[in-house]
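[1] Generate coordinates for the sequence data below:
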Amino acid sequence: MTKAKNPIPEGLHSITPHIVVKGAAQAIDFYKKAFGAVEKARFPGPNGKIMHASIKIGDSTIHLNDEMPGMEGGVTAGGSSVVLQLYVPDCDATYNQAIAAGAKATMPLADQFWGDRYGQLKDPFGQIWAIGTHKEDLTPAEMEERGRQAMASMERH
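    Residues are numbered from 1 along each chain as shown. As a prediction, this is how the structure comes out:
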């Protein structure tokens, strides 16, 4: 693990779409067949559903996950199926600025196992925004181990 060189992870843009679907594994298979997507990462949750995955289509990355009970987003609950991932140099300042402008906090900012400081909010128009700053560059092995530890911790709660 090393300190991140850039607040936006390498290969991503300032805004990256993050979709919430029913059947994320099947969606990944479809995107591979339909659009030539390349799977970059997949992290199953304690229930076997996909907690986070990352695919690349052309030069663009899309994050996706299965809907999770109690989380914002999710088509079954009538929520948005899209989360807009916004990477900024100072997520705390941007998050607080958005709250001051009228957004509602839905997931407080916290340092996450994948090396980002990250939180979510909902804007007054119902859109979900994930605000993050990339803090650590992790090797695939470090990411996998931290992900395993995070999922084990979730199982205990």
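[2] Mind jotting down where the strands sit in the protein?
    For the chain, strands defined by DSSP state E occupy the ranges 2-3, 15-21, 38-44, 50-57, 60-66, 82-87, 104-111, 116-122, 128-134, 136-137.
[3] mean confidence score for stretch 98-109?
    For stretch 98-109, the mean per-residue pLDDT is 93.
[4] what does it contact?
    72, 91-92, 95, 117-124, 128-131 (CB atoms under 8 Å, 6 or more residues apart in numbering). The C-beta positions use only the backbone N, C-alpha and C, and glycine is treated the same way.
[5] in that stretch, what counts as buried?
    Across stretch 98-109, burial judged by 16 or more other CB atoms under 10 Å covers 98, 103, 109.
[6] Just give me the closest of these to residue 54.
    When the buried residues of stretch 98-109 are compared for distance to residue 54 (CB to CB), residue 109 wins out at 20.9 Å.
[7] Could you measure from the closest one over to residue 92?
    According to CB to CB, to the nearest Å, residue 109 and residue 92 sit 6 Å apart.
[8] who touches both of the two?
    Here residue 109 and residue 92 have residue 117 as joint contacts, going by CB under 8 Å, 6+ apart.
[9] just to revisit the earlier point, which one among the buried residues of stretch 98-109 gets closest to residue 10?
    Closest to residue 10 out of the buried residues of stretch 98-109 is residue 109 (21.9 Å), distances taken as CB to CB.
[10] Not counting the longest helix along the chain itself, show me its contacts.
    In the chain, assigned by DSSP state H, the helix with the most residues is helix 140-156. Identification of contacts with helix 140-156 by CB under 8 Å, 6+ apart yields 1, 41, 43-46, 51, 113-115, 138.
[11] what's the answer for stretch 48-55, then?
    24-25, 28, 31-32, 37-45, 61-66, 68, 114, 151.
[12] so which of the contacts of stretch 98-109 comes closest to residue 12?
    residue 130 (12.0 Å).
[13] Specify the beta-bridge partners of that closest one.
    According to DSSP bridges, the residues that bridge with residue 130 are residue 85, residue 120.
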